[in-house]
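Student: quick check, what structure comes out for this input:
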Amino acid sequence: MAFPLASSMIKKGASISNIVIFLSAWACLKIPQELVELQFLGWKFMVLRWTLTVILVIIMGAVIEKMISKTSFVG
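Tutor: You can find the predicted model right below:
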């Protein structure tokens, strides 16, 4: 579901960094996963992993934006 949505976002003019952030967040941040982490690893671990994931996903989006031109994805 996420990849067709990402394709539509590209066709509508979204930046590559927004696409990367969307796909990465979709893959990494899921409510059931967070609840399992909370139950077995504790709230400190869950909050730390969630915070680091959000920060690193945003950084990754910015880096990918610099490396790849948008015209590479538009067909």
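
Student: how about stretch 32-43: buried residues?
Tutor: Going by neighbour count (16 or more other C-beta atoms under 10 Å), the buried part of stretch 32-43 is Glu37. C-betas here are computed from N, CA, C, even on glycine.

Student: swap that for stretch 18-28, please
Tutor: So, applying 16+ other C-beta under 10 Å, buried residues of stretch 18-28: 19-25.

Student: and those, which two are the farthest apart?
Tutor: The span of the buried residues of stretch 18-28, defined through C-beta to C-beta, is set by Ile19 and Ala25 at 10.9 Å.

Student: may I see the buried residues of stretch 18-28 organised as CSV, with distance to Ile55, secondary structure and pLDDT added?
Tutor: Listed next are the buried residues of stretch 18-28 as CSV, based on distance: C-beta to C-beta, whole Å; DSSP: H, G, I helix; E, B strand; the rest coil; pLDDT from 0 to 100:
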residue, distance to Ile55, secondary structure, pLDDT
Ile19, 18, helix, 92
Val20, 14, helix, 91
Ile21, 11, helix, 92
Phe22, 16, helix, 93
Leu23, 17, helix, 93
Ser24, 12, helix, 92
Ala25, 12, helix, 89
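
Student: let me know the closest of those residues to Glu65.
Tutor: Glu65 has its nearest neighbour among the buried residues of stretch 18-28 in Val20, at 7.5 Å by C-beta to C-beta.

Student: roughly how far does the closest one sit from Ser7?
Tutor: Separation of Val20 from Ser7 (C-beta to C-beta, to the nearest Å): 14 Å.

Student: check Lys44 too.
Tutor: Per C-beta to C-beta, Lys44 is found 38 Å from Ser7.

Student: and these two? which has more neighbours close in?
Tutor: Taking neighbours as other C-beta atoms under 10 Å, Lys44 and Ser7 compare with Ser7 leading, 13 against 8.

Student: that one sits in which helix or strand?
Tutor: Per DSSP states H and E: Ser7 is located in helix 2-11.

Student: for that helix, packing partners?
Tutor: helix 16-28 (3 or more C-beta pairs under 8 Å, 6 or more residues apart in numbering; DSSP states H and E).

Student: the helix holding Ser7 - what's its average pLDDT?
Tutor: For helix 2-11, mean pLDDT rounds to 91.
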